[in-house]
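>>> below are the sequence and a predicted model; questions follow.
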Amino acid sequence: EIHIKEPIEKEVNPRLLPGELLLCEASTVYKYIQEDGSNRGTYGKLVCTNFKIAFLDDDSASDDNEPQFKNKIVGENDITLQCVDQIYGVYDEKKKLLTGQLRKYPEKLIIYCKDLRVFHFCLRYTKEEEVKRIVSGIVHHSQTPKLLKRLFLFSYASAAPNNTDGRNQTVMFDTLEDWRDELERTKGNVKYKAVTTNEGYRVSEKLPLYFVVPICVSEESILKYEGRGIPIWCWSCHNGAALLKMSAFPKEQDDITSQTQKAFLDGIYKTISKPPYELLKMDDLSSSLPSLQDIQIAYTRFKQLFLIDNSTDFWATDVKWFSLLESTNWLEIIRRVLKKAIEVAECLERQHTNVLLIEESATDLCCVISSLVQVMMDSYSRTKSGFQSLIQKEWVIGGHGFLDRCNHLHKSDKEEAPVFLLLLNCVWQLVQQYPPAFEFTETYLTVLSDSLYVPIFSTFFFNSQHQKDTNMSGESLKTQSAPFRFLTVWDWSVQFDPKAQAFLNNPLYAEKPKLDKSQRKTARFKHQRQLSLPLTQTKSSTKRGFFREETDHLIKNILGKRIGKFINSSDEPPNSFREFYDSWHSKPVDYHGLLLPRIDGPEIKVWAQRYLRWIPEAQLHGGGTIATAAKILDLMEEVQSLQVKMDEEHSQAVSGDVHSVPMLRNSARLSSLFPFALLQRQSIKPALPTSTWKDLEDEDDLVKRDDEFVDLSGDM
Amino acid sequence: MASSSTPKYNSNSLESSSSKRTLKDGTNWEQNEEIPRLPGETRVTDKDVIYMCPFNGPVKGRVYITNYRLYLRSVENDPVVVLNVPLGVISRIEKMGGASSRGENSYGLDITCKDMRNLRFALKQEGHSRRDIFEVLTKYAFPQSHNLLIFAFANEEKFSENGWMVYNPMSEYRRQGLPNERWRVTFINEHYGLCDTYPSLLVVPYNATDDDLKKVAAFRSRNRIPVLSWIHPETQAVIMRCSQPLVGMSGKRNKDDERYLDIIREANGQISKLTIYDARPNVNAVANKATGGGYEGEDAYPNAELFFLDIHNIHVMRESLKKLKDIVYPNVEESHWLSSLESTHWLEHIKLVLTGAIQVADKVSSGRSSVLVHCSDGWDRTAQLTSLAMLMLDSYYRTIEGFEVLVQKEWISFGHKFASRIGHGDKNHADADRSPIFLQFIDCVWQMSKQFPTAFEFNEQFLITILDHLYSCRFGTFLYNSESLREKEKVTEKTLSLWSLINSEKSKYTNPFYTKELNRALYPVASMRHLELWVNYYIRWNPRIRQQQPNPVEQRYMELLALRDDYIRRLEELQITNNSKISNSSASSASPSQMMSQVQTHF
């Protein structure tokens, strides 16, 4: 596709995707450059389609300044309808939230996005008619309830050419084979089996077509309560202990029903507590972790701190930044979730017990904890395809209600909760604490979080596999059209060209050394030893005896009951968690082994790339982590070109397919906001706080003193 | 073997000991090469104690005291616990528990250190064991209070580099292009006659005579007249430093001072106003009038603009650090970490200092106006502001040697009262003169290096080493309050410079990511969004919070560097063999593809 530039032509038209329709537009809209309140900006056209809101710059001559990192689907000035968080109108300098029908039309429009961008549009110079149309159009299409079938996903799928082969290395878990392979990979196949009981969704519409249960669980019992009360397998640890999840029974008024349910559960527990199954520990996540509502409230407060209107706002909130952060409770929730995941890992790893996570639907916090545990314990989940497969397994096929939790259809605010974002925030903590352990970068996590709002992929736009399957067929009843072929978000080439995709790969990743077969046996042994490091810890002479006794005693206790143990119940050694945590942290890190996050206060950080990336005041010219990353990439490029040279010298010209390394010439001057915001401050004026803190209430006497009290007047 | 285990919590001690064997009875430690000793370090005493480690619980061990350090080694080997503490870091020694006190390990010594930790030793109640060790420690930790020499004067170490040669004021001014037709070097203070807290060599406006300077000195607190710290190579705007004017309650004026400031203003050839930054909060500057000080009033200095930078005094900073220690030692405040951190105000102070320095630097670099910086005496906040502004403006100061020059010049030679602020060898732990002003400066530098990880030639270890030896008394670098006193005590002849240690082992302190960039102003963002607590310094004794050493990003970079160099070497070899047309490629042909896969795996 060749674009011929016609500078005289004033008319700019939006670039539309297949199936995308222009709904309304307004011209001579003035978009402010979010900078210093200087009211600088550009004129252009504001349009709304069935996919996005877009601002089209009148002089779009900026083509020559092609950014290095560009999303092919969502441009710099595009906001997908699902990405709109809140819209405010400004009337006489006053901000008002816009939701439904409007009587008066604002002179300024502020759009806050879920990816934390903030757009300010001035409508003062736009024709009144156009203002009415664009404002009500934007509000209507982005803020009012929608039918599932009206999602752009469907228009796109029916209009876009079916050229996706869809197969990449990600395991989709939509076939029985995928589950069997996963069982085999984790050596879980001795005690667990993949079942077809739910074919045709006979058991439940919430459960996937195929899933894994303990071998001893009968089809009959799976069918009995629509899959409730059935332990569903997530993952098996190298030592055989397994991570399971279970959907709990709702609280019953009826005594008889609850009695039978209890008897049913007891039966289940009994069967899976007999050898060969390990001891079983249970964790009711709905009581041991914050509620979805708490999580939603915390995140709403937290993200508000980053949706900044102007410089004054930025510096005003800077004064009490730490207490503001703390009052949102978001970081504390991350800490608690990470802590819970460590507890579960300790049970699996050190105590060799199965862990059963319980939650009402087993599709929210269960997904967070089970994914985190796998990221921490299974280095495969730290590769890109492994992580993607994990998201497929636990979330997409696992039945996390993305549609409701993201409130994509604006049906009900009550269902909304950033559960998946919580996982990404937790994984980010691990990524920044252990950079060499992950094949992907924080940029990967950031663009993954952005993809939650791009409705051309089916991945995050259904509540369950059943919902997707039943909506697969084309135009209802009448025509017998071919089923939709949705794209998966894991096909990154849809959003990014190879050059940009390179930023998703971590140059620091220390890949697991591949060993040939003769070495494999010893290697596995070694690997397991590394995994079980904490076990070998308590070696010291006197201590050992003491702890031995205690654990023996404990095991006897547990053997007596065998079931019904809760994690952290009272008869657990109180410092068992601390000991596990401390002893792991006192050893050198094995990036391919068990990975425990550090969770002390100073270690839990704000995901700066995601949350600060659009804020010009927070920009460091030539600084930030990108500065060192760029140096590494440059050096890799140099090494690569040396390789090529060397091959040439050998005149064996076949250089194989050389993977692309991002080109970052002059990288020293990159902004810390790279690769996201392309805000280039014209002047290199430093950012100066406009409001500083001055009060030191409690230290008044000290404040008033001088450094050294010497009466100088006498010297005169 | 059990004895080969390495120390588990060898908490980042000053000198890393690589001891392999363990002491069994410790009776004859003169012959025991495992206890590290510097040339000139002599033994004093040793004793069995219980070290009350806040992280591992009580540790039985033996403590060795020399004229330089306190060294403890645990009796048990798993894990080996080692403490290696220069006596200089000790701020206070207290006895805990009395002869009658019961309870296990409640009788002993409690030692407060200047480097964010406390040490507790439990001792046996019988005999005079505690009295003896208390007296010995007090004597050697506080030699100044006992008419003893500070260890730096006994240190007989040898280094390949001589750190005293690092700073030569004349060559530093020449580097800046001085003297020139507008600025001259004066020797008026050669014997510290004009100002006993200033260096002997000063740079002043060409148009001001030595007589003028004497008159100005009478109007500036402690005679600390405005002198040049740095000149912008392009705009010719300068950073001047001084103390407050002696305005007093009656609002005195001094024609010479007024004229002198005008000469400074004119010296850069621009007709803009002279900008005066008073580091203090406005109210404090006003309050200073009561004791004869004050600030430059509008009436007396119509060609100057005055701004207050709201940086608090040394007492506020001391209290702030005390609060910080409370929340990080021994345990990190868990439940409300962020609000606890905020309540110490430590990072807010850092933010204000950085904000002030950014303003100074920005004014000089883009505002094209000369700047005069002062606080009350011009040796604490002023030194912070001028040195940080210079670090932002002049990339030379971001090199290892350049930074040493900066510290030597703006801090040591211009009379930051290190002896009073740190209290080297002095037992008055509650002295109101003590304050972590220099630590705060180093913290600001760390914040900058964190924000710009490729802009500094030195690494974090460099900054930590400087802070460790700020207290250790092993070197003469930070001893005494002024250049005149150091000269009198013959510090450069009788002691070693810290820069000798560092420059002899430069690679240890070098940042591999350093990218040389000339003439680029480096402005940090003084926002709480970017400021962080320096965990690797303030919480380094806590084994739970330790950062990964070495830094994996750095490690990977070093690996790549080695790989590149290897390629370049082999490529050269190849070219030579190819040129000589010897077709012997079969032997070496396998290697490049092997190397290839090694690199590719990471993409």
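Right, received. Where do you want to start?

>>> all contacts plus neighbour counts: C-alpha atoms, from now on.
Will do.

>>> could I get the contacting residues of residue B:529?
A:318, A:321, A:618 (Cα atoms under 8 Å, 6 or more residues apart in numbering or on different chains).

>>> try it again at 7 Å.
Applying Cα atoms under 7 Å, 6 or more residues apart in numbering or on different chains to residue B:529 gives no contacts.

>>> residue B:64 too?
B:45-47, B:70-72.

>>> do you know how far the residue most central in space within chain A is from residue A:218?
In chain A, the residue lying closest to the centroid (Cα atoms, centre = their mean) is residue A:424, at 2.8 Å. Taking Cα to Cα, to the nearest Å as the measure, residue A:424 falls 36 Å from residue A:218.

>>> just residue B:262 next, same as before
The value you get for residue B:262 to residue A:218, if Cα to Cα is used, is 95 Å.

>>> please identify which of the two sits among more neighbours.
residue B:262 (17 against 14; other Cα atoms under 10 Å in any protein chain shown).

>>> then that one would be within a helix, right?
Yes: counting by DSSP: H, G, I helix; E, B strand; the rest coil, residue B:262 is located in a helix.

>>> find me the pLDDT at it, would you?
As predicted, residue B:262 sits at a pLDDT of 95.

>>> excluding chain neighbours, what is closest to it?
In this structure, residue B:262 finds its nearest non-sequential neighbour in residue B:303, 7.3 Å apart by Cα to Cα, 6 or more residues apart in numbering or on different chains.

>>> could you check how many residues crowd around that neighbour?
As a measure of burial, residue B:303 has 17 neighbours, counting by other Cα under 10 Å.

>>> can you name the residues of the stretch 501-650 of chain A that neighbour chain B?
Within reach of chain B by Cα under 7 Å from any Cα of the partner chain, the stretch 501-650 of chain A has these residues: A:505, A:507-511, A:540, A:582, A:585, A:600-601, A:618, A:620, A:622-624, A:627-628, A:632, A:635, A:639, A:642-643, A:646-647, A:650.

>>> mind listing which of those residues are in helices?
Among these, the ones falling in helices (DSSP state H) are A:582, A:585, A:627-628, A:632, A:635, A:639, A:642-643, A:646-647.

>>> can you list these in CSV and add pLDDT and distance to residue A:325?
What follows is these, written out as CSV (pLDDT from 0 to 100; distance: Cα to Cα, whole Å):
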residue, pLDDT, distance to residue A:325
A:582, 87, 27
A:585, 86, 27
A:627, 86, 27
A:628, 88, 28
A:632, 88, 33
A:635, 90, 38
A:639, 89, 43
A:642, 89, 48
A:643, 87, 48
A:646, 83, 53
A:647, 82, 54
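
>>> of those, grab the buried ones for PyMOL.
The PyMOL command for the buried members of these (criterion: 16 or more other Cα atoms under 10 Å in any protein chain shown) is given here:
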select buried, chain A and resi 585+627+628+632+635+639+642+643+646+647
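
>>> where in the stretch 151-300 of chain A is pLDDT low?
A:162-167 (pLDDT under 70).

>>> what about the strands in the stretch 251-400 of chain B?
B:274-278, B:304-308, B:371-374 (DSSP state E, counting those that start in this stretch).

>>> now swap in the stretch 151-300 of chain A and tell me
Using DSSP E, counting those that start in this stretch, strands in the stretch 151-300 of chain A cover A:192-195, A:211-214, A:232-236, A:242-247, A:280-284.

>>> among those, which is nearest residue B:508?
Proximity to residue B:508, assessed across the strands of the stretch 151-300 of chain A by Cα to Cα, is greatest for strand A:232-236 (44.5 Å).

>>> least confident secondary structure element in the chain?
No chain specified, so I'll use chain A. helix A:541-561 (a mean of 36; mean pLDDT, DSSP states H and E).

>>> closest residue of the stretch 451-600 of chain A to chain B?
Residue nearest to chain B within the stretch 451-600 of chain A (Cα to the nearest Cα): residue A:507, separated by 5.6 Å.

>>> could I get the pLDDT score of residue B:81?
What the model reports for residue B:81 is a pLDDT of 88.

>>> from chain A, how far out is it?
13 Å (Cα to the nearest Cα, to the nearest Å).

>>> residues near that residue, how many?
With other Cα under 10 Å as criterion, residue B:81 counts 23.

>>> wait, what's in contact with the residue nearest to it when sequence neighbours are not counted?
Leaving aside its sequence neighbours, residue B:81 sits nearest to residue B:74 (Cα to Cα, 6+ apart; 5.1 Å). Residues in contact with residue B:74 (Cα under 7 Å, 6+ apart) are B:59-62, B:80-82.

>>> could you pick out which of the contacts of residue B:64 are near chain A?
Okay, of these, nothing touches chain A (Cα under 7 Å from any Cα).

>>> what is the neighbour count of the residue of the stretch 451-600 of chain B found nearest chain A?
At 4.2 Å from chain A, residue B:452 is the closest residue in the stretch 451-600 of chain B, using Cα to the nearest Cα. With neighbours defined by other Cα under 10 Å, the count for residue B:452 comes to 25.

>>> okay, it: pLDDT?
95.

>>> can you pull the buried residues of stretch B:458-469?
B:458-460, B:462-464, B:466-469.

>>> ok, the residue nearest to residue B:262 touching residue B:273?
Yes: using Cα atoms under 7 Å, residue B:303 is in contact with residue B:273, at 5.2 Å.

>>> and the strands in the stretch 351-500 of chain A, which stretches?
Using DSSP E, counting those that start in this stretch, strands in the stretch 351-500 of chain A cover A:354-359.

>>> residue ranges with poor pLDDT in it?
Ranges of the stretch 351-500 of chain A meeting pLDDT under 70: A:474-482.

>>> got the residues of it near chain B?
Residues of the stretch 351-500 of chain A lying close to chain B by Cα under 7 Å from any Cα are residue A:436.

>>> looking at the stretch 351-500 of chain A, which residue is nearest chain B?
For the stretch 351-500 of chain A, Cα to the nearest Cα, closest residue to chain B: residue A:436, 6.8 Å.

>>> so how far is residue A:423 from the nearest residue to that residue once chain neighbours are set aside?
Of all residues not flanking residue A:436 in the chain, residue A:509 sits nearest, at 4.3 Å (Cα to Cα, 6+ apart). Distance of residue A:509 to residue A:423, computed by Cα to Cα: 21 Å.

>>> neighbour count winner among the two?
residue A:509 (24 against 20).

>>> in which helix or strand would I find residue A:109?
strand A:108-113 (DSSP states H and E).

>>> how about residues contacting that strand?
A:83-90, A:118-123, A:307.

>>> just the buried residues out of those, in PyMOL syntax.
Once 16+ other Cα under 10 Å is used to decide burial, the buried members of those can be selected in PyMOL as follows:
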select buried, chain A and resi 83+84+85+86+87+88+89+90+118+119+120+121+122+123+307
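
>>> out of the contacts of strand A:108-113, name the ones that lie in strands.
A:84-90, A:118-122 (DSSP state E).

>>> and those, which is closest to chain B?
Once Cα to the nearest Cα is applied, the member of the ones in strands among the contacts of strand A:108-113 that ends up nearest chain B is residue A:118, at 18.3 Å.

>>> contacting residues for the residue nearest to residue A:436?
Here residue A:509 is in contact with A:436-439, B:602 (Cα under 7 Å, 6+ apart).

>>> list the buried residues for stretch A:602-620?
Here stretch A:602-620 shows A:602-607, A:609-620 as buried, counting by 16+ other Cα under 10 Å.
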